[in-house]
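> Below is the sequence, then the predicted model.
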Amino acid sequence: MKTFLADKAPAPDDFVNLFEKFSRELPDWGTPIWKLISSDELLEGFYLYGSLILVLGIPLAIILPRKVRGKLQNRIHELILSFLLRCLRATLWTGIVIGMLLAMGYELGWIFSQTTTHAVLLFLYGLPLTIALPNLISKVAGEHLQPSTRGLLSISLKAILWTLFFFFLLTAYGVNVAEFLQSYPILRAALMLIFGLLLARLISQLLARFLRDRITPQANMLLTRILWTAGIIIVSLWTLAIIGYDLTPFLATAGVAGLAIGFAAQTTLSNVISGIFLVNERPYNLQDLIDVNGIQGFVEEIGLLSIFLRTIDNRLVRIPNEMILKGSMINITRYPIRRCDISVGVAYDENINRVMSVLKEVLAQNPLSLDEPEPLILFQGFGDSSLNFLVGAWCRTQDYSTVQTQISRDIKEAFDRYEIEIPFPHRTLEMSKDMSPIKVEITQKQ
Amino acid sequence: MITFPWNQELPLLDGHFSTFCLGSLVLVIAKAGPEWRICALRKDQELAQNLPHSGLRINLPKNLTWVPFNATPEDSKFYFMPALPNMPVVSRPKFPISLSPDVRARFFIEIPLLVEIFVQSNGKFLPVYSVASEIMSYTWRGNIRTNGSISSTEGELCYSLSTSPHLSFKGKKFAEYSIICPIEITSRATPTVSFDRISLNVNHFAIYRDETNFWTNTGRILVSRDKEVDGLLYLSNLPKEVQNAKKIVEPRSGALRRSLYEGALHLISNQPQIIK
């Protein structure tokens, strides 16, 4: 069998000549197929090899990946399968193209040179890997990560893999990447900025995930922010250093500048330090309902300088950390149950035991009022115009408003039913003898 | 005798409704095109008075509060299943109960059941709604502190059941809306031990049915000599008097042999009380 590798790549005219040659040498259609295949002359030409590649190769390139998918679909991860199929398809189609070119008599020895082989391998397997790997890793790791961290991980991996891909491509074509980067500091700085920031963000988010069950949410939030801010500063300084900016004067003046900033930002620092103390003290968590100097709201965000409250009527209030540390703060939703106190007064004519028994009945009837801890019913004393009682019903913290409304309503209804009078302030005017009217006597006018 | 149509596929035509009563609960179920509609009322509510047993939906009062569920117009069947409450139950006898040593006392606690409604949706039956047959009030089962007091900061919310536990069920007519939970309590403490409430984690009880009642499997609590209360033990058997009962509902949280539910029995001091 003769070699089918030509000495040089054919010119367009050669195709015409080749076609004419094949047309002349077409076998008799009655010739059996085995004779055709055993014909050395035909084996040399494009006709048989090209046809075989087209007839067998293309269906194979279409069918084989489908068959492989069918066989492996439920055995390996979908993303790995997709990567393997991508590689398989790329290999098959590249094989078909190379085979066709060889059959047509092209000189393709250059393809098997080291440089081109590396480049082809990169395109065949490196490219599908670059596309598939970030999705695969973020998908597999994503079950344990928050969506934001998963997205960040995917972006970071994409950035790293695409950079590596281009570096390998440059290397395949004989470019020295280290020297290339050395000669372009701006490019190095850009890479540093991109990868440094991505890395800082990724580390802070992974740390937040790692510490989520170990420390409080506010400590976690604060730590993540500190780490992220430190990351930005380090990456920025490093980038400036790569560009060639001399950081020595900057660092030398940092101490003096720090002192000046310290004086200028006394309040800010006080808030930061208060924030750190509060994180350690843990008087509230995210979404707790708290009361700071009469401002009630749900803790929405815990910052380095302040916390943000969403008030019950949906306003955002910013409260500096220093204010919380200095003053008093009430956490309304810290405990799962709380007591709902209602004051009630009855007329002096009423029997105290009877009133207490009616109040007890009202509390027992309300399903939201807890049986245990037992409700509190106290006779508080003698008011200006009423006998005063305190009714304390224990309830779930989230039922507080409902219980307050229901029990107040039920008390009123029960008092109406048992004809117990709820008095309003009485003012009785009495005329004593000293205050008797001045006697006026009208005498006849002279 | 159980008269409520439990575990029976009931048909309902489009545009029609049916009303069912159990304990204080009045349930109205209607079919409106591709929608199932459920309305739960209490007998003492004005709306629940004089509701017809069944009929056309347009004849119902307009101000009923419906809970709708999607289905297809062809779906026309539903059924009811009994369920145990979805939170632990604290049974509070009217008076503290005292037990002598080495005596096994058996109590039958009536727990109001939940009605679980399964409706047909795309041909399959789905549980869409559950409602208590009787309103039970809440109670707090706080962790017991070292000084014996109950914590108001840690614990769990439970249903409170003010009841008089029955020592025997012969001749006793239990309410149709209740599930009877047999509890065996054995005390080895001397001279006596007194308790004023029994806390039950009902999620690990199965439901059985005989001709007259619903039952759970037996629970067992042991009080040791040093008055330590063991966790609740879920026995697989029923009282021997109701051996013919058939299991109809599996435990909500799976079967369990021994519960680590501490303080299943709340013991009280035997100090004589001075009546003031």
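Thanks, I have it.
> these two touch, right, A:Ile243 and A:Ala189?
Yes: the pair A:Ile243 / A:Ala189 is scored as a contact, 5.0 Å apart, by Cβ atoms under 8 Å. For every residue, glycine as well, the C-beta is placed using N, CA and C.
> between the two, which one's more packed in?
Comparing A:Ile243 with A:Ala189 by neighbour count (other Cβ atoms under 10 Å in any protein chain shown), the higher total belongs to A:Ala189, at 19 against 13.
> A:Leu237 is in contact with that one, correct?
No: between A:Ala189 and A:Leu237 there is no contact under Cβ under 8 Å: 11.7 Å.
> roughly how far out does stretch B:87-106 sit from the chain middle?
Stretch B:87-106 has its average C-alpha position 18 Å from the chain's average C-alpha position, going by Cα atoms, centre = their mean, to the nearest Å.
> Contact partners for the closest residue to A:Ile53 other than its chain neighbours?
In this structure, A:Ile53 finds its nearest non-sequential neighbour in A:Gly99, 4.5 Å apart by Cβ to Cβ, 6 or more residues apart in numbering or on different chains. Contacts for A:Gly99 (Cβ atoms under 8 Å, 6 or more residues apart in numbering or on different chains) come out as A:Tyr49, A:Ile53, A:Gly57.
> And B:Ile97, by the same measure?
B:Ile97 makes contact with B:Ala105, B:Pro165, B:Ser194, B:Phe195, B:Asp196 under the criterion Cβ under 8 Å, 6+ apart.
> try A:Gln406
A:Asn366, A:Leu368.
> Against B:Phe107, how distant is it?
A:Gln406 sits 33 Å away from B:Phe107, going by Cβ to Cβ, to the nearest Å.
> and the closest residue to chain A within the stretch 151-276 of chain B, helix, strand or coil?
Proximity of the stretch 151-276 of chain B to chain A (Cβ to the nearest Cβ) peaks at B:Ser160, 4.1 Å away. With DSSP: H, G, I helix; E, B strand; the rest coil as the basis, B:Ser160 sits in strand.
> Quick check: chain neighbours aside, which residue is closest to it?
Distances taken as Cβ to Cβ, 6+ apart place B:Thr139 nearest to B:Ser160, at 3.7 Å, with adjacent residues excluded.
> give the contact list for the one you found.
Applying Cβ under 8 Å, 6+ apart, we find B:Thr139 in contact with A:Leu370, A:Asp371, A:Glu372, B:Val90, B:Arg92, B:Leu157, B:Cys158, B:Tyr159, B:Ser160.
> how near is the last one to B:Val115?
This points to B:Ser160. With the distance defined as Cβ to Cβ, B:Ser160 ends up 20 Å from B:Val115.
> related to what we said a few turns ago, where does confidence bottom out across the contacts of B:Ile97?
Note: of those, the lowest pLDDT belongs to B:Pro165, at 65.
> Count residues in the vicinity of A:Ser274, would you?
Neighbours of A:Ser274 (other Cβ under 10 Å): 20.
> close enough to count as contact, B:Thr216 and B:Ile207?
Yes: B:Thr216 is within contact range of B:Ile207, at 6.2 Å (criterion: Cβ under 8 Å).
> Identify the contacts common to the two.
Contacts common to B:Thr216 and B:Ile207, judged by Cβ under 8 Å, 6+ apart, are B:Leu84, B:Ile179.
> and the helix or strand containing B:Phe108, does that touch chain A?
Counting by DSSP states H and E, the element that carries B:Phe108 is strand B:103-112. No: legend: contact between strand B:103-112 and chain A by Cβ under 8 Å from any Cβ of the partner chain is lacking; minimum distance shown is 12.0 Å.
> Quick check: closest non-adjacent residue to A:Leu161.
Per Cβ to Cβ, 6+ apart, closest to A:Leu161 is A:Thr130, 4.4 Å.
> ok, now A:Asp291?
With sequence-adjacent residues excluded and distances taken as Cβ to Cβ, 6+ apart, A:Asp291 is closest to A:Ile330, at 4.1 Å.
> Close to chain B: what parts of the stretch 151-300 of chain A are there?
Within the stretch 151-300 of chain A, no position is near chain B by Cβ under 8 Å from any Cβ.
> Helices along the stretch 151-300 of chain A, start to end?
Along the stretch 151-300 of chain A, counting by DSSP state H, counting those that start in this stretch, helices occupy A:177-183, A:185-211, A:217-243, A:248-264, A:266-281.
> Distance from the chain centre to the shortest one, please.
Helix A:177-183 sits 37 Å away from the centroid of its parent chain (Cα atoms, centre = their mean).
> what mean pLDDT does the helix or strand containing A:Trp93 have?
With secondary structure defined by DSSP H and E, A:Trp93 is part of helix A:78-103. Averaging pLDDT along helix A:78-103 gives 81.
> Could I get the buried residue list for that helix?
Buried positions in helix A:78-103, judged by neighbour count with 16 or more other Cβ atoms under 10 Å in any protein chain shown: A:79, A:81-90, A:92, A:96, A:98-100, A:102-103.
> At which residues are the strands of the stretch 101-250 of chain B located?
Using DSSP state E, counting those that start in this stretch, the strands of the stretch 101-250 of chain B run over B:103-112, B:114-121, B:124-132, B:137-144, B:150-163, B:178-187, B:193-200, B:207-209, B:214-216, B:219-223, B:233-234, B:246-249.
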